[in-house]
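# I would like to see how this sequence folds:
(one chain, ligands or ions: 2)
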Amino acid sequence: MAVNIAILGFGTVGTGLPTLLSENKEKLAKILDEEIVISKVLMRDNKAIEKARSQGFNYDFVLNLDDILADSEISIVVELMGRIEPAKTYITQAIEAGKNVVTANKDLLAVHGVELRSLAQKHHVALYYEAAVAGGIPILRTLANSFSSDKITHLLGILNGTSNFMMTKMSEEGWTYDESLAKAQELGYAESDPTNDVDGIDASYKLAILSEFAFGMTLAPDDIAKSGLRSIQKTDVEIAQQFGYVLKLTGEINEVDSGIFAEVSPTFLPKSHPLASVNGVMNAVFIESEGIGDSVFYGAGAGQKPTATSVLADIVRIVKRVKDGTIGKSFNEYARSTSLANPHDIENKYYFSVETPDSTGQLLLLVELFTSENVSFEQVLQQKGNGKRAVVVIISHKINRVQLSAIQDKLNQEKDFKLLNRFKVLGD
Ligand SMILES: NC(=O)C1=CN([C@@H]2O[C@H](COP(=O)(O)OP(=O)(O)OC[C@H]3O[C@@H](n4cnc5c(N)ncnc54)[C@H](OP(=O)(O)O)[C@@H]3O)[C@@H](O)[C@H]2O)C=CC1
Ligand SMILES: N[C@@H](CC=O)C(=O)O
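Ligands and ions are numbered 1, 2, ... in the order given. Just a heads-up that it's a prediction; the model follows:
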């Protein structure tokens with residue numbers, strides 16, 4: 001017996017599936033008594049088909065989704081095209097045609113997940129997307145299953161392989177921004193439009209999905225504060241080192257009494273933090289929970305094989321569920337109403353890098369500005385100026401989001417000061 005699947009989109013991840021199916025043939029045969037067969041592959045055009053054939057792929061390539069929908073032998077559709085449309089329409093049509101769906105599309109799940117999940121439930125089919133978050137790390141299933149008996153209070157992740165790879169190359173090997181981005185693209189880590197990778201958008205989509213699994217709360221894209229890595233300067237990385245930190249792009253969700261707060265931002269992590277040594281394309285998710293305490297999940301966050309491995313695991317899970325007669329159960333059953341934290345309740349230390357006129361009087365004015373919002377300094381460093389302008393870097397004591405906004409507004413209004421950068425600092 002065979003389980004016939006169709007793949008929509010035959011790029012980095014899609015072309016990884018044939019290899020995995022063949023490398024794991026014996027193991028899969030032991031787990032399932034049916035063979036998974038790639039029955040049809042949807043391609044964009046004839047040129048793409050020719051290219052795939054020249055690479056040795058010999059599948060039934062089609063150009064029209066209807067050829068897949070009309071094939072009653074195909075029970076699983078694997079969407080690996082990316083972006084919102086036409087992926088959303090194709091997945092909707094596949095579900096309506098009674099097909100189970102596997103996708104790695106975090107953009108789609110973060111923005112239209114509620115609608116697609118409820119459609120899948122209505123049609124009693126599976127919609128699985130383990131690969132959408134942190135590539136090869138099986139984090140969603142772990143949250144849905146192993147954390148069902150625990151209360152998670154804090155989640156911190158390095159969730160974008162491209163930006164972590166770039167930051168590692170730039171800070172440790174002196175590569176330029178363009179060199180490191182080009183390499184991430186060549187290695188198949190980056191999205192087709194890498195804007196989402198470098199601006200923190202991809203990580204915010206993953207954080208939105210994690211919020212549902214870890215906290216049972218659905219976040220709209222605008223509920224997540226986000227900034228990416230474009231503003232980071234070499235000096236910020238060096239100062240982080242000097243102060244005992246490592247600068248990483250993180251996604252974080254905290255739950256406090258008033259609700260949850262989610263943010264993607266460059267973050268100073270103490271060198272001793274478990275995520276401080278997560279380098280290159282690796283991702284990690286650090287969880288604080290009441291039962292387990294601290295736990296860390298680490299692995300490749302992007303790339304063909306790790307991602308395709310998660311996709312194939314979802315396919316295997318569907319085959320097993322069909323056999324057990326449990327297909328149609330939601331991937332994640334934890335849902336409660338969303339409550340966003342009061343900004344007064346969210347506290348962190350912050351790093352501020354401020355350009356000022358090069359005089360002692362200006363430093364005093366800067367101190368006054370912070371003091372007027374009850375913000376005190378934990379560490380301060382004035383870099384040697386050029387007689388006209390100097391840069392002062394400050395790590396504040398803990399302040400809440402309201403104080404943070406007030407300080408930023410005041411710095412932006414004060415014509416002598418220029419706020420160069422502001423990053424979150426973790427640790428007590
Ligand atoms: N790469 C990675 O490490 C990871 C990727 N993902 C996700 O997996 C998905 C696939 O990513 P990836 O393989 O890297 O992307 P690629 O861009 O490498 O592959 C996507 C493929 O889909 C094709 N495609 C796009 N639109 C259509 C269409 N309308 N009809 C037919 N084919 C189409 C593209 O063709 P063309 O080239 O002509 O546009 C391309 O061949 C995305 O959702 C991505 O976010 C998730 C985790 C990690
Ligand atoms: N572009 C993404 C791919 C995986 O989700 C990343 O770099 O993390």
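# quick one: distance of stretch 201-219 to the chain centre.
Offset of stretch 201-219 from its chain centre (Cα atoms, centre = their mean, to the nearest Å): 9 Å.
# looking at it now, give me its mean pLDDT.
When pLDDT is averaged over stretch 201-219, the result is 98.
# just the CA atoms of it, as CSV, please.
The C-alpha coordinates for stretch 201-219 follow below in CSV (Å, rounded to 0.1, in the frame of the first residue of the first chain):
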residue,chain,number,x,y,z
ILE,A,201,9.3,39.9,10.7
ASP,A,202,10.0,36.2,10.1
ALA,A,203,10.9,35.8,13.8
SER,A,204,7.7,37.7,14.8
TYR,A,205,5.6,35.2,12.7
LYS,A,206,7.3,32.3,14.5
LEU,A,207,6.7,34.0,17.9
ALA,A,208,3.0,34.4,17.0
ILE,A,209,2.8,30.7,16.4
LEU,A,210,4.7,29.9,19.6
SER,A,211,2.4,32.1,21.6
GLU,A,212,-0.5,29.9,20.6
PHE,A,213,1.2,26.7,21.6
ALA,A,214,3.0,28.0,24.7
PHE,A,215,0.4,30.5,26.1
GLY,A,216,-2.8,29.5,24.3
MET,A,217,-3.1,33.1,23.0
THR,A,218,-3.4,34.3,19.4
LEU,A,219,-1.5,37.5,18.6
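# hmm, stretch 43-50 in reach of ligand 1?
Yes. Counting by Cβ under 6 Å from any ligand atom, contacts between stretch 43-50 and ligand 1 involve 43, 44, 48. The way it works is simple: take the backbone N, C-alpha and C, and place the C-beta from them, glycine included.
# could you do stretch 61-78 as well?
No. Remark: stretch 61-78 sits outside contact range of ligand 1, by Cβ under 6 Å from any ligand atom, the gap being at least 7.9 Å.
# ok, residues contacting that stretch?
3-8, 14, 17, 39-46, 49, 52-53, 90-91, 93-94, 97, 99-103, 311, 315, 318-319, 322 (Cβ atoms under 8 Å, 6 or more residues apart in numbering).
# and the residues you listed, which are buried?
The neighbour count (16 or more other Cβ atoms under 10 Å) marks 3-8, 14, 17, 39-43, 49, 52, 90-91, 93-94, 97, 99-103, 311, 315, 318-319, 322 as buried among the contacts of stretch 61-78.
# which of these fall within strands?
Using DSSP state E, the members of the buried ones among the contacts of stretch 61-78 that fall in strands are 3-8, 39-42, 100-103.
# ranges for the strands of the stretch 151-300 of the chain?
Ranges of strands within the stretch 151-300 of the chain are 152-158, 224-226, 245-256, 259-270, 282-289, 293-300, based on DSSP state E, counting those that start in this stretch.
# nearest to ligand 1, of these?
When the strands of the stretch 151-300 of the chain are compared by Cβ to the nearest ligand atom, strand 293-300 sits nearest ligand 1, at 8.5 Å.
# that closest one: partners in the sheet, and parallel or antiparallel?
Here strand 293-300 is paired, per DSSP bridges, with strand 282-289 (antiparallel).
# wait, what's in contact with the closest residue to residue 395 other than its chain neighbours?
In space, and not counting its chain neighbours, residue 395 is closest to residue 379: 4.3 Å by Cβ to Cβ, 6 or more residues apart in numbering. Residue 379 makes contact with 243, 394, 395, according to Cβ under 8 Å, 6+ apart.
# what are the contacting residues of the one helix or strand the second one maps to?
Put plainly, it is residue 394. Taking DSSP states H and E as the criterion, residue 394 maps to strand 389-396. With Cβ under 8 Å, 6+ apart as the test, strand 389-396 has contacts from 235, 239, 243, 268, 349-358, 362-363, 366, 370, 375-385, 420, 425.
# if I pick the closest residue to ligand 2 within the stretch 301-428 of the chain, what's in contact with it?
Closest residue of the stretch 301-428 of the chain to ligand 2, Cβ to the nearest ligand atom: residue 302 (3.7 Å). By Cβ under 8 Å, 6+ apart, the contact set of residue 302 is 135, 160, 161, 162, 165, 188, 189, 190, 281, 283.
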